[in-house]
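Peer 1: kindly return the folded structure for what I paste below:
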Amino acid sequence: MKLAILSRNSKLYSTRRLIEAARVRDHSVRVLDPLRCYMRISEAGFDLRYKGLPIAGYGAVIPRIGASVTRYGSAVLHQFELMGTYTPNTSSAIASARDKLRCHQLLAARGIGLPVTVFGDNPDDTVDLLAMLGPPPHVIKLNEGTQGAGVMLTEKPSASRSVIEALRGLYANFLVQEFIGEAEGADLRCFVVGERVVAAMRRTASPGDFRSNLHRGGSAEAVVPDAAEVEVAVRAASVLGLGVAGVDLIRAARGPLVLEVNASPGLEGIEQSTGVDIAGAIVDYVAAQAAVHAAALPRRPRRRAARADGSPRRLTTF
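Peer 2: Numbering: from 1, shown residues only. Predicted coordinates:
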């Protein structure tokens, strides 16, 4: 299979591991910087080019699109989709996962447990908004924050109001959630590939912090999630339309609650903590699904460029 990986840096651990896994399985693999891809869109069809050469013939594309390039990266990915290329995570699924508010709305609508969440826009409604949530502590999250950045814990109503007023002054989008104290600063990252949790780790916050993200100094250890946690993780990824996802759960007294669904989860921490070849699991899943996808596509005649004398010749592609 000819496989593309959309990534801005081929040296990143996750990208490098996907390259290694693909080559071990005898797939042809290329890393494409999404910001160097450019598109032609018309009623006659869709074309992609990369550094002067047409992009064509890829059976699948694995998106590793960073949050800072979500908009353009998603447009490039959608162009691949329109050209018939399979992807485990579609552009619309990534957009839903990246928007925390929309993500929570979609999950809650399907009965998936999550911390009680409130959201409002007008400063005049702040007091009533917090009353809807309940007494502090409160967790305040930027809507598009990643790796624990933009997540704050407030322990008094006055502190919650002050943080909310400050964020509104910066025109930031945010949401406010209940604090799950019984979790004791720990969560579970369940790595979902297809309909399976292929690996899971328990992340614990560093002393003095409540955020368990490894990028915030948290520690991790391999864990075997129970049946309820596996079911919630797989359902959450499915609701958002993600074939590959990192689903963050928190163990609450009322059962597992979804904190976040990551559409581009990192491999380094969880592979090192669990010893599981997650990159291999992703490539195997993508190859199998791409074959099914290709078989369902209508057959189209191969396009050829014309020589100067009018005879056809094969296009050189990247």
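Peer 1: ok, Arg16 touching Asn9?
Peer 2: No - with contact defined as CB atoms under 8 Å, Arg16 and Asn9 do not form a contacting pair (9.3 Å). Using the backbone N, CA and C atoms, a C-beta is placed for each residue, glycine as well.
Peer 1: which one of these two has more residues nearby?
Peer 2: Shown here are Arg16 and Asn9; by other CB atoms under 10 Å, Arg16 has more neighbours (18 against 12).
Peer 1: got the buried residues for stretch 247-265?
Peer 2: 247-252, 256-265 (16 or more other CB atoms under 10 Å).
Peer 1: where does the stretch 201-318 of the chain have low pLDDT?
Peer 2: Within the stretch 201-318 of the chain, the segments meeting pLDDT under 70 span 206-217, 300-316.
Peer 1: what are the boundaries of the helices in the chain?
Peer 2: 13-24, 70-82, 91-98, 100-109, 126-133, 157-169, 227-240, 268-274, 278-296 (DSSP state H).
Peer 1: of the ones you listed, which is nearest Ala183?
Peer 2: helix 227-240 (12.9 Å; CB to CB).
Peer 1: other SSEs contacting that closest one?
Peer 2: Applying 3 or more CB pairs under 8 Å, 6 or more residues apart in numbering; DSSP states H and E, we find helix 227-240 packed against helix 91-98, helix 100-109, strand 186-193, strand 196-204, strand 244-252, strand 255-262.
Peer 1: would you turn these into JSON lines with distance to Met39?
Peer 2: Listed next are the helices and strands packed on helix 227-240 as JSON lines, based on distance: least, CB to CB, whole Å:
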{"stretch": "helix 91-98", "distance to Met39": "13"}
{"stretch": "helix 100-109", "distance to Met39": "25"}
{"stretch": "strand 186-193", "distance to Met39": "29"}
{"stretch": "strand 196-204", "distance to Met39": "33"}
{"stretch": "strand 244-252", "distance to Met39": "24"}
{"stretch": "strand 255-262", "distance to Met39": "26"}
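Peer 1: ok, now how distant is Gly45 from Leu82?
Peer 2: Gly45 sits 9 Å away from Leu82, going by CB to CB, to the nearest Å.
Peer 1: and the two? Which one has more around it.
Peer 2: Comparing Gly45 with Leu82 by other CB under 10 Å, the one with more neighbours is Leu82, at 14 against 11.
Peer 1: the more buried one touches Ser42, doesn't it?
Peer 2: No - counting by CB under 8 Å, Leu82 sits too far from Ser42 to count as a contact (11.4 Å).
Peer 1: and this protein, what are its domains?
Peer 2: By the record's domain assignment, the chain is partitioned as 2-88+279-313, 96-111+182-263, 117-179 (automatic domain parsing).
Peer 1: select, out of those domains, the one closest to Ser273.
Peer 2: That would be, of the domains of the chain and by CB to CB, domain 96-111+182-263, which comes in at 4.4 Å.
Peer 1: what about that closest one, start to end distance?
Peer 2: 9 Å (CA to CA, to the nearest Å).
Peer 1: how far does that domain sit from its chain's centre?
Peer 2: Counting by CA atoms, centre = their mean, to the nearest Å, domain 96-111+182-263 is centred 12 Å from the centre of its parent chain.
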